[in-house]
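Visitor: structure, please.
(chains A and B)
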Amino acid sequence: MPEFSAPLKEVARMLDLVPYLSTHSFISLKTLAAEFDVTEKEMAKELTTLSMCGLPGYTPYELIEVFFESGFVTINNHDPLDLPRALSFTEIATLLLGLEILRDSLEGEHPGVSDEIRDLIELLSNLSEGAVAAESDSTIATVAEITRAIEKRVALSISYHSTSKDQVSQRDIEPLEIITSEGHTYLSAYCRLAQSFRRFRVDRISVLASLDSLAHPAVHADLPEEVVIVELEISGNRRAISEELGVKELDPSGIVALPVFSSDWLLRNVLAGAPDIQVLADQPLRSEIGLTARKVLALYS
Amino acid sequence: MSQKSERLVNLTIALLATKRYLTKAEIFKTVAGYDGEPEARDRMFERDKDDLRSLGIEIELGSFDPLFEDEAGYRIKPEKYSLQLNQLSPTQLMLLSHASLAWKKALLGESAHTALRKLKALGIESDFENLAVDNLVLPEAPADVPIILDAISEKRLLAFEYYNAHSQPQSRSVAPYRLYRRSGYWYLLGLDVAKSEIRTFRLDRFAATASTSGPAGAFDVNQELLSEHLANQCLTSRASIAIRKGRGNVLRALATITELDSDWDLCEVSYQDQDWLVRKILWQCEDVKVISPPELQQLVISKLQHLVALHA
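Guide: Numbering: from 1, shown residues only, chains lettered A, B, ... in the order given. Presented below is the predicted three-dimensional model:
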């Protein structure tokens, strides 16, 4: 949003006031001030200024007539300014990005509305000449669905893809809360399969069905997790690897002490990032990595 | 302060109402508020034109009669001034209201507010009650988003510090063309001034908030480079890989699959980014093997050999 000076903001408001008042006769000064985000006093002042504006000549025939002494506002003689102003590029972009969130949040909930949203997106996208876009984001749809389940206190049947185990499992869960951390969105839930509290990456969840209502909301309890600190040296495309491993700030040496919850996860990351991640001190882990890499190489011999 | 806004509103009315171009002399004679010395008046008028333009009001310069070289004049065309969406249904207005609410509390709040104000002036009854949208999921938007939108709109250069592949912040100067969100990330696409190439930048890799630099109207979108860039993005290569049965779900989701033997499936994958594909393949350890193209197979093998040497 370009920060306009106070007089310019005032001009923008006055130009928007005229068409607004022409379709909202007898609106109360109080409502009007709230709609335009100013105090009643400021609004009265702007209405007075407006009543001194009009077509050249500026006789009573040419001036805009504004009445608001009764506390209710009417406007007459306002022809040339009767048009609502064009949306600016930033306003179009704001609506467009908002519509896209709406589309993803409502996915599957209001089928009839989806088509209307698509049409509007196309319309605004043409107005912005394609300069702004948001692709459909399935995570938003999943979060919306889970949030509804949390509010209605129902359990969900989900399929969950664990990438570190490369397994898809189906499980029934009692959703507790949505958490955002390090750029990812997680669901904290009680898992009936594991019979304990678990955290799931939302982008790896597919909701299969809503289940029974919960008599009591599950009580949150964080399980202590076993963390091992592993020392690594990162080289090559350091940015990509730091992002994958969740390393916020990387020392210029490339050496980092990384808290690791699952050695399986680290092993796969070291292979995926080969040869840019070297495990330093941990001898058993180093052997395991070497062994796994040799096994993969054996596929090609 | 109200003197200035009064003059600007009067100028807008006069330029909107006229059917022909008004010369500067006519404007000074008829529009209220242009008093004083000729020079001061001229400066005042130039500033007023800039101010109206910054509000998005297009003032057209032209001459009334093309056959005579008369003095150029000014007008505002109503069709350029007025709202581009004039035929909205009550449902559409309701959806746009909800869309603006999505950002109301966030950093595009002010634009959301003014956009909605303009839409409401249409006087269409919105069937607001019809749709229960109580839990919109708002993705996080970095503080750079409104700055980038302004820069695109005003065609100003953007300066920012960007983490390069070695995680070192580097200064960039970019002519911004597009802003988009994909798979949860925000991207800026634009012309990197130093490299004279179109590049995309991920907003979460900005080392500090971007800022605009230099005057408005600093560039035109290079359509030729842009279409070339977009066409290149659609270019894909194909790889054949073997995936062990029941494994490699991420890769399977992208592939067409046929059976190879009782242990393996043959998967054809299209890809644009080789590094990305290699990561996905290696992530699967013993469950995925590259069959072709040979360069890809060789790349995977050499990376693994390197890794073995590092951990010997």
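Visitor: need the three-state assignment for the residue of the stretch 201-301 of chain A found nearest chain B.
Guide: Chain B sits closest to A:Pro275 of the stretch 201-301 of chain A, with a gap of 3.5 Å, by C-beta to the nearest C-beta. Quick note: C-beta positions are derived from backbone N, CA and C, even for glycine. Under DSSP: H, G, I helix; E, B strand; the rest coil, A:Pro275 falls in the coil class.
Visitor: separation between it and B:Val290?
Guide: Going from A:Pro275 to B:Val290 by C-beta to C-beta, to the nearest Å gives 17 Å.
Visitor: more crowded one of these two?
Guide: Per other C-beta atoms under 10 Å in any protein chain shown, whichever of A:Pro275 and B:Val290 has more neighbours is B:Val290, with 23 against 20.
Visitor: how about that one, nearest residue that isn't a chain neighbour?
Guide: Spatial nearest neighbour of B:Val290, excluding adjacent residues (C-beta to C-beta, 6 or more residues apart in numbering or on different chains): B:Gln297 at 4.3 Å.
Visitor: one step back: any idea which helix or strand carries the residue lying closest to the residue of the stretch 201-301 of chain A closest to chain B once chain neighbours are set aside?
Guide: Among residues not flanking A:Pro275 along the chain, B:His306 sits closest, at 3.5 Å (C-beta to C-beta, 6+ apart). Element membership for B:His306, per DSSP states H and E: helix B:294-310.
Visitor: so where do the strands sit in the stretch 1-150 of chain A?
Guide: Here the stretch 1-150 of chain A has its strands, by DSSP state E, counting those that start in this stretch, at A:27-28, A:65-67, A:72-76, A:132-134.
Visitor: looking at those strands, which is buried most?
Guide: strand A:132-134 (a mean of 22; mean count of other C-beta atoms under 10 Å in any protein chain shown).
Visitor: residue most distant from the centroid, chain A?
Guide: A:Thr59 (52.7 Å; C-alpha atoms, centre = their mean).
Visitor: likewise chain B?
Guide: Distance from the C-alpha centroid of chain B, by C-alpha atoms, centre = their mean, peaks at B:Ser262 (49.3 Å).
Visitor: which residues touch the closest residue to B:His166 other than its chain neighbours?
Guide: Spatial nearest neighbour of B:His166, excluding adjacent residues (C-beta to C-beta, 6+ apart): A:Arg238 at 5.2 Å. The contact partners of A:Arg238, by C-beta atoms under 8 Å, 6 or more residues apart in numbering or on different chains, come to A:250, A:254, A:276, B:165-167.
Visitor: and what of B:Ile152?
Guide: B:Ile152 neighbours (C-beta under 8 Å, 6+ apart): A:89, A:131-132, B:176-179.
Visitor: partner strands of the strand or helix carrying B:Tyr74, with direction?
Guide: In the assignment (DSSP H and E), B:Tyr74 maps to strand B:73-75. Applying DSSP bridges, strand B:73-75 is found paired with strand B:22-23 (antiparallel), strand B:60-62 (antiparallel).
Visitor: comparing these, which comes out most buried?
Guide: strand B:22-23 (a mean of 18).
Visitor: contacts for it?
Guide: Strand B:22-23 is contacted from outside by B:14-15, B:30, B:71-75, using C-beta under 8 Å, 6+ apart.
Visitor: helices and strands around the next helix or strand along the chain from that strand, which ones?
Guide: Note on strand B:22-23: by DSSP H and E, the next helix or strand toward the C-terminus is helix B:24-30. The contact analysis (3 or more C-beta pairs under 8 Å, 6 or more residues apart in numbering or on different chains; DSSP states H and E) places helix B:24-30 against helix B:2-17, helix B:38-54, strand B:73-75.
Visitor: show the average pLDDT along the very next helix or strand once past the last one.
Guide: Per DSSP H and E, the first helix or strand lying C-terminal to strand B:73-75 is helix B:78-81. For helix B:78-81, the mean pLDDT works out to 91.
Visitor: now swap in stretch A:234-242 and tell me
Guide: When pLDDT is averaged along stretch A:234-242, the result is 87.
Visitor: try stretch A:263-275
Guide: Mean pLDDT, computed over stretch A:263-275, is 89.
Visitor: ok, B:Ser82 touching A:Arg85?
Guide: Yes. The criterion here is C-beta atoms under 8 Å, and B:Ser82 meets it with A:Arg85 at 6.9 Å.
Visitor: so those two - more neighbours on which side?
Guide: Using other C-beta under 10 Å, the more surrounded residue of B:Ser82 and A:Arg85 is A:Arg85, with 23 against 17.
Visitor: low-confidence bits of the stretch 201-301 of chain A, can you list those?
Guide: Along the stretch 201-301 of chain A, the model assigns pLDDT under 70 to residues A:214-225.
Visitor: spell out which parts of it neighbour chain B.
Guide: A:203, A:237-240, A:242, A:250, A:267-275, A:278-279, A:286-287, A:289-290, A:292-297, A:299-300 (C-beta under 8 Å from any C-beta of the partner chain).
Visitor: ok, back up a step: can you redo the contacts of A:Arg238 as a markdown table with distance to B:Leu282, secondary structure and neighbour count?
Guide: Rendered in a markdown table, the data for those read as follows (distance: C-beta to C-beta, whole Å; DSSP: H, G, I helix; E, B strand; the rest coil; neighbours: other C-beta atoms under 10 Å in any protein chain shown):
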| residue | distance to B:Leu282 | secondary structure | neighbour count |
| --- | --- | --- | --- |
| A:Leu250 | 21 | coil | 19 |
| A:Gly254 | 20 | coil | 19 |
| A:Asp276 | 11 | coil | 20 |
| B:Ala165 | 18 | coil | 13 |
| B:His166 | 21 | coil | 14 |
| B:Ser167 | 21 | coil | 22 |
